[in-house]
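Q: for reference, the sequence and a predicted model appear below.
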Amino acid sequence: MKHSLCCLMFKSEKKTKSDVGLFTENLNTTRRLAAHVSSETWAVLLEENGKTHVVELVDKQQKIKGLGVLNPVQLLANIKVGQMVVIGQKELLRLPARLPELSNGMKRRAQTIGSKDAGFFVAKLGLGANDRVLEAGIGSGGLSLYIQRVLGPNGVHVTVEPRAEHAEVALENLRRASACWDGGPQHHHFEGHLEGVVPSIQSAVDEFEAVVLDLPDHPSAIEVSAPMLSIGGRLACYCPVTSQLERAWEACEDAGLVVEWAGELMQREWGRASKGGMRPVNGPFGHTAFLLVAQRR
Ligand SMILES: C[S@@+](CC[C@H](N)C(=O)[O-])C[C@H]1O[C@@H](n2cnc3c(N)ncnc32)[C@H](O)[C@@H]1O
């Protein structure tokens with residue numbers, strides 16, 4: 001997939017909150033198509049070990065990673081959601097393409113944000129219907145799936161990414177979501193560093209209720225994106241190491257934002273013990289990143 005400076009549903013007209021609905025109505029043909037084709041274009045197949053495969057329903061013999069050579073349309077023609085299919089030595093359950101399935105089975109390249117931190121961002125930023133969200137960098141589109149799931153058809157999602165090979169993976173993941181879910185937001189994607197594409201972003205969307213930055217270096221991106229926040233809007237940073245967190249905090253204050261929350265989320269999974277009872281499962285107790293949320297007042 002080739003990406004120009006702005007490649008998805010770009011419109012040169014500046015959008016305010018009040019005309020988002022009209023904008024969507026006029027241009028969001030991809031989403032209307034999605035409503036029509038959702039259950040016919042992609043299938044989700046779950047292995048017993050939890051591995052999830054997201055398979056495009058194309059009527060062609062092809063090699064599918066992890067499953068082998070098959071024709072998805074012919075293989076799944078009589079397999080309904082909830083039924084099992086055998087492929088080689090594997091027994092797989094067909095499931096609907098909901099957020100956890102598309103996230104578990106997504107294509108990956110850059111390190112992704114998962115449900116633990118994405119759910120927190122969605123809640124702390126207060127994301128919901130009609131919001132306009134700016135996200136940089138898009139990476140593999142892991143966080144983008146969560147954002148797109150909650151914005152609704154009048155929401156606007158703007159993504160930015162300098163590396164075309166990352167954007168290609170992310171946009172493929174969002175193409176799947178668009179085909180599987182009704183009522184997704186308008187999506188604009190810009191190729192480049194956030195700091196270099198601000199005029200292009202502003203020619204499409206004049207302000208945002210939320211900005212999310214998952215970048216190796218936050219300060220310059222905070223400096224250019226904080227002025228694009230609406231009053232009361234929030235900016236979130238994803239910082240794998242503490243030095244990034246500290247620099248992000250300082251940059252937010254320099255940009256006139258009020259830091260509301262900074263810290264780390266711990267997640268501890270429990271399971272059933274072999275001799276009865278419940279206990280924390282064996283396995284690493286991992287760190288993902290430090291999170292920061294700041295508000296424009
Ligand atoms: C860790 S990845 C983001 C992963 C993403 N949050 C996800 O869940 O899939 C960080 C991305 O930021 C991009 N990036 C680095 N500097 C950037 C900048 N100044 N503006 C926009 N994107 C940038 C990188 O190319 C990389 O793809």
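A: Ah, there it is.

Q: helices of this structure, start to end?
A: All helices of the chain, identified by DSSP state H, fall at 20-27, 29-41, 72-76, 99-104, 115-124, 142-151, 164-180, 198-204, 219-225, 242-254.

Q: is any part of the fifth one close to the ligand?
A: I take that to be helix 115-124. No. If you take CB under 6 Å from any ligand atom as the test, helix 115-124 misses the ligand, and the best it gets is 7.5 Å. (Each C-beta comes from the backbone N, C-alpha and C, glycine too.)

Q: against which helices or strands is that helix packed?
A: helix 142-151, strand 229-239, strand 290-295 (3 or more CB pairs under 8 Å, 6 or more residues apart in numbering; DSSP states H and E).

Q: could you redo those as CSV and give each row distance to the ligand, mean neighbour count and mean pLDDT?
A: Formatted as CSV, those follow (distance: least, CB to the nearest ligand atom, whole Å; neighbours: other CB atoms under 10 Å; pLDDT from 0 to 100):
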stretch, distance to the ligand, mean neighbour count, mean pLDDT
helix 142-151, 3, 23, 98
strand 229-239, 7, 21, 98
strand 290-295, 12, 23, 98
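
Q: I'd like those written out as JSON lines, with distance to R176 added.
A: Listed next are those as JSON lines, based on distance: least, CB to CB, whole Å:
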{"stretch": "helix 142-151", "distance to R176": "9"}
{"stretch": "strand 229-239", "distance to R176": "23"}
{"stretch": "strand 290-295", "distance to R176": "26"}
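
Q: for R108, find the nearest of these.
A: Closest approach to R108 among the helices and strands packed on helix 115-124 is made by helix 142-151 (7.7 Å; CB to CB).

Q: quick check: angle from that closest one to helix 115-124?
A: Calculated by axes from the mean of the first three to the mean of the last three CA atoms, to 10 degrees, helix 142-151 forms an angle of 40 degrees with helix 115-124.

Q: roughly how far is helix 142-151 from the heart of the chain?
A: On the basis of CA atoms, centre = their mean, to the nearest Å, helix 142-151 is displaced by 4 Å from the centre of the chain it belongs to.

Q: nice, that's everything, thank you.
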